[in-house]
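Asks: coordinates for the following, if possible.
(chains A, B, C and D)
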Protein chains: 2
Amino acid sequence: MDTKRSIRAKSGTNLGGASAHNRRIMIDALRVNGALSRADLARATGLTPQAVSNIIEELALDGLVRSQATIRRGRGQPATPYQLVPEGAFAVGLQIDRHVTRTVIVNLVGEVLVQMEAKLPPGGPAEGVVVVLDLIRKARIALQAQSPEAEKRLVGLGVAMPGPFGINTLYDDPWMMTAWQNFPLIDTIAQGTGLAVALQNDAAAAATAERLLGAAHGLDHAICIYFGYGLGTGLILNGELYGGAHSNAGEIGMILALVPGDGPDVEPLEHYASMAALCKLLKLDPSEPELFAMVTDALMRGGPKVEQWIDDVAQRLRRTVQALESIFDPQTIILCGGAPRALIDRLVAEIGPLLPSIADRASRYPEARLQAGLADPWSVALGAAAEPIARTFDPRFSAILKTA
Amino acid sequence: MDTKRSIRAKSGTNLGGASAHNRRIMIDALRVNGALSRADLARATGLTPQAVSNIIEELALDGLVRSQATIRRGRGQPATPYQLVPEGAFAVGLQIDRHVTRTVIVNLVGEVLVQMEAKLPPGGPAEGVVVVLDLIRKARIALQAQSPEAEKRLVGLGVAMPGPFGINTLYDDPWMMTAWQNFPLIDTIAQGTGLAVALQNDAAAAATAERLLGAAHGLDHAICIYFGYGLGTGLILNGELYGGAHSNAGEIGMILALVPGDGPDVEPLEHYASMAALCKLLKLDPSEPELFAMVTDALMRGGPKVEQWIDDVAQRLRRTVQALESIFDPQTIILCGGAPRALIDRLVAEIGPLLPSIADRASRYPEARLQAGLADPWSVALGAAAEPIARTFDPRFSAILKTA
DNA sequence: CAAATAAGTCAAGTGAATTGATTTAATAAA
DNA sequence: TTTATTAAATCAATTCACTTGACTTATTTG
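Replies: Numbers count the residues shown, from 1 in each chain, chains lettered A, B, ... in the order given. Reported below is the predicted structural model:
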């Protein structure tokens, strides 16, 4: 018997936990399948029709689902489909990038209602957080104008910024996000906004966006490679975002992945495969507002320098994809990012044909082994906004348990 | 509304699911912490003392826990600690290896009660399964002799064999386990033994063993690198073994991981780092009964050929460890295997000093970044036996849900 | 010896799912 | 046109495991 009271145990659960889970799976089922009748939901979830009826009635009272016109489907009483109410919930997303901050407000189904950005002052977080809070305030006013009831239905605020967190920088980071990482950002924003705040890294946010309304929608095992200023992955395992022991899982940008010809002085993968690397190559300022257009333009023009870079990156990512497939055995891998659509699509094309791996099975799903996902400067902010929605409404093991 | 009835939804739950979960976390807490009083359990799990009392009473009736002598711990009524009853449950493990099959019977706390092996005939599974069933039968008789009541308390049979499953061989496998993989092994053994049977690959089984009674005991995020005839990993994520979309996750042996100097014709990692590779180098027959002793002997003698191999493998695994840390952000990485203790320990020593990674944090746990785990020809069979115990008694998300 | 503290139990209460019968509304068959 | 069949959905009673709040027991402290 442990007399020091340092007992390691998992949390118990009770009726309330079961009920909360069942509400979440209803919302999840409606999100993934579109409108469903209560009978459909009962069959799909294994609950009794009566239980489903009660839960749906409650969700309707809460303004989260609503009925549609009945549908005749052969014999028997016509079914009444239920759908999610887009205005049932809203969430704020905030991206802290190296030189800019972006905010997005989405509704329950992931539609973007507000998006705003502001330049971050060079003075670091002490000055920057004022800009950030002001931006959030403006975004909420804009939301209020569109939907007066929305403010009451804000379920939280998600923050995304470059990781990893809690680590002393391993190699030089020209933008030194360290100051932001050490600043008590979450508490400051929580106090300044009165909302529940959570933090993710860029790649996790991008994966959250892919799951809510992108290529990973409804998938339980997907790896999202985030190609932005840095390189990382968001890991969707068993239908949940996996964070590891310290929420830093997925940092593939730090892997020392060699390709034939590399010497012992090989640098981390993201020094080759990232927007940062491309900007360096093209001598572009990453803080340039027209960066995406300029990169797209450079891709169109081509030229040996760009083509060689694409070749090199494609070769490195081809091996990375094979490694990720071998490690995770996922349903699909999604290349997404804070990068121009043209670049993501080009890379997906150049990475193929893929190397042999365990994903190379005779009976593949509809999903391709590798596909392009969201590619937009706003995708991280969007993912940040998707996080509170997911946290509040998605089925998760931890949501059943008594302790947070 | 989906008229084709192909609705994707997660399973619901009810009181029974909650109850099952609570029983599991009690057993888990006792396994991880040793004996605990009901008050301890209530505090640790978040359940009320009354709920814990009821659950413990029921577990005691089922013969899974028993009380110890009361302990005075300062003021207040003395506590009655409860412990797991080793004879509360038993499970059979079966390893199908290339040239041999091993069976192990363990009890609830992972103690090995029976272990037996037999040579597999060269005729493949059709002949082999007869040997296998006979071996299991003999093991059960031996168990009966030790513990007459045990037979009634067998909770299942775990099978472990080399993966990956459901894939056409990607490169030549000299032992052609394909025949075994295509044979309806699970059904045949289930029918032949009357037990619930499940299948894992070697590495997953080794990780299951590490979790029940090895270095991963009580950890929620650990990566077990299995160094045996092949090379793979067992992924313990969120306290559960992760299998991926098709139970083939962790196959790092198939990664084309380069080290400086490698050319474009690099082979999969396990062609360098595995017992198979070492046997080839030393011109040893892998089916040699005294293989472990011979390998240990070769290590002791040293010599340039062996030293160079160790250097090369250590270099490759050093990079693999850094990659796995970057990808999973685990609490620890465990090198274990179907390999001699001397080899595993030597490799752990040679792999250090580790490369910088996100695991290289100032405030590290008690756990080292890399440590040696079980190294024994029996560890896979042991893990196979641990699987039914884990499946029956460990807390898992899926154990709460209504559908299997 | 009384007060404080902690473990544990008793008995009633609670809430969400289940059970089984019933209602409603459509199509298919007679 | 009528009747049977099928399916959706509801009603009312039941069940079950956890919770609540009061209480008992056993030990240490002052």
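Asks: use CA for all of it now, contacts and neighbours both
Replies: OK.
Asks: if I look at A:S247, how far off is B:G250?
Replies: Using Cα to Cα, to the nearest Å, A:S247 is found at 20 Å from B:G250.
Asks: okay, the two: which has more neighbours?
Replies: Neighbour count, other Cα atoms under 10 Å in any protein chain shown: between A:S247 and B:G250, B:G250 has more, with 30 against 20.
Asks: can I take it that the more buried one is in a helix?
Replies: No - using DSSP: H, G, I helix; E, B strand; the rest coil, the assignment for B:G250 is coil, not a helix.
Asks: show me where the stretch 151-300 of chain A has strands.
Replies: Secondary structure of the stretch 151-300 of chain A by DSSP state E, counting those that start in this stretch: the strands cover A:154-161, A:197-201, A:222-227, A:231-237, A:240-242.
Asks: and the average pLDDT for the second one is what?
Replies: It refers to strand A:197-201. Averaged over strand A:197-201, pLDDT sits at 96.
Asks: ok, it near chain B or not?
Replies: No - on the criterion Cα under 8 Å from any Cα of the partner chain, strand A:197-201 is out of touch with chain B, staying 13.6 Å away.
Asks: what residues of that strand count as buried?
Replies: Under the neighbour-count criterion of 16 or more other Cα atoms under 10 Å in any protein chain shown, strand A:197-201 has A:197-201 buried.
Asks: report the contact partners of the residue of the stretch 201-350 of chain A found nearest DNA strand C.
Replies: For the stretch 201-350 of chain A, the residue closest to DNA strand C is A:G239, as judged by Cα to the nearest atom of the strand, at 20.5 Å. A:G239 makes contact with A:218-221, according to Cα atoms under 8 Å, 6 or more residues apart in numbering or on different chains.
Asks: mind redoing it with 7 Å?
Replies: A:G239 sits next to A:219-221 when contact means Cα atoms under 7 Å, 6 or more residues apart in numbering or on different chains.
Asks: same deal with A:D312?
Replies: Contacts of A:D312 (Cα under 7 Å, 6+ apart): none.
Asks: which one of the contacts of A:G239 sits closest to B:S274?
Replies: B:S274 has its nearest neighbour among the contacts of A:G239 in A:H221, at 28.6 Å by Cα to Cα.
Asks: hmm, that closest one is touching A:E240, no?
Replies: No - judged on Cα atoms under 7 Å, A:H221 makes no contact with A:E240 at a distance of 8.5 Å.
Asks: which parts of chain A are helices?
Replies: Per DSSP state H, chain A carries helices over the ranges A:15-33, A:38-45, A:49-61, A:125-146, A:178-182, A:185-193, A:202-213, A:275-282, A:291-301, A:304-328, A:341-351, A:379-393, A:397-400.
Asks: including distance to B:K283, could the ones you listed go into CSV?
Replies: Output for the helices of chain A, formatted as CSV (distance: least, Cα to Cα, whole Å):
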stretch, distance to B:K283
helix A:15-33, 56
helix A:38-45, 56
helix A:49-61, 65
helix A:125-146, 63
helix A:178-182, 53
helix A:185-193, 60
helix A:202-213, 47
helix A:275-282, 47
helix A:291-301, 53
helix A:304-328, 29
helix A:341-351, 39
helix A:379-393, 54
helix A:397-400, 50
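Asks: which stretch in those helices is the model least sure about?
Replies: Among the helices of chain A, helix A:178-182 scores lowest, at a mean of 82.
Asks: close to chain B, is that one?
Replies: No - on the criterion Cα under 7 Å from any Cα of the partner chain, helix A:178-182 is out of touch with chain B, staying 14.3 Å away.
Asks: in that helix, what counts as buried?
Replies: In helix A:178-182, counting by 16+ other Cα under 10 Å, buried: A:178, A:180-181.
Asks: and that helix, C-alpha only, in CSV?
Replies: C-alpha atoms of helix A:178-182 as CSV (Å, rounded to 0.1, in the frame of the first residue of the first chain):
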residue,chain,number,x,y,z
THR,A,178,10.5,30.9,-27.7
ALA,A,179,9.4,34.2,-26.2
TRP,A,180,5.8,33.5,-27.1
GLN,A,181,6.1,30.0,-25.8
ASN,A,182,7.3,31.1,-22.5
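Asks: so which residue of the stretch 101-250 of chain A comes closest to DNA strand C?
Replies: A:V155 (20.0 Å).
Asks: contacts only, for that residue.
Replies: A:89-91, A:388-389.
Asks: next: A:G124.
Replies: A:179-180.
Asks: give me the distance between it and DNA strand D.
Replies: 45 Å (Cα to the nearest atom of the strand, to the nearest Å).
Asks: could you do A:Q68 as well?
Replies: 10 Å.
Asks: what of A:Q95?
Replies: For A:Q95, the distance to DNA strand D - Cα to the nearest atom of the strand - is 38 Å.
Asks: can you tell me how far that residue sits from B:A198?
Replies: 45 Å.
Asks: show residues contacting stretch A:187-203.
Replies: A:133, A:156-163, A:186, A:226, A:232-234, A:380.
Asks: so which bits of it are buried?
Replies: Residues of stretch A:187-203 classed as buried under the neighbour-count rule (16+ other Cα under 10 Å) are A:189, A:193, A:195-203.
Asks: dump these to CSV, plus distance to A:I327.
Replies: Output for these, formatted as CSV (distance: Cα to Cα, whole Å):
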residue, distance to A:I327
A:I189, 37
A:T193, 41
A:L195, 37
A:A196, 34
A:V197, 32
A:A198, 28
A:L199, 26
A:Q200, 23
A:N201, 22
A:D202, 22
A:A203, 18
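Asks: and which of those residues is nearest to A:I141?
Replies: Relative to A:I141, the closest of these is A:T193; by Cα to Cα it sits at 12.5 Å.
Asks: quick check, the residue in the stretch 251-400 of chain A closest to DNA strand C?
Replies: Counting by Cα to the nearest atom of the strand, the stretch 251-400 of chain A gets nearest DNA strand C through A:I400, at 11.4 Å.
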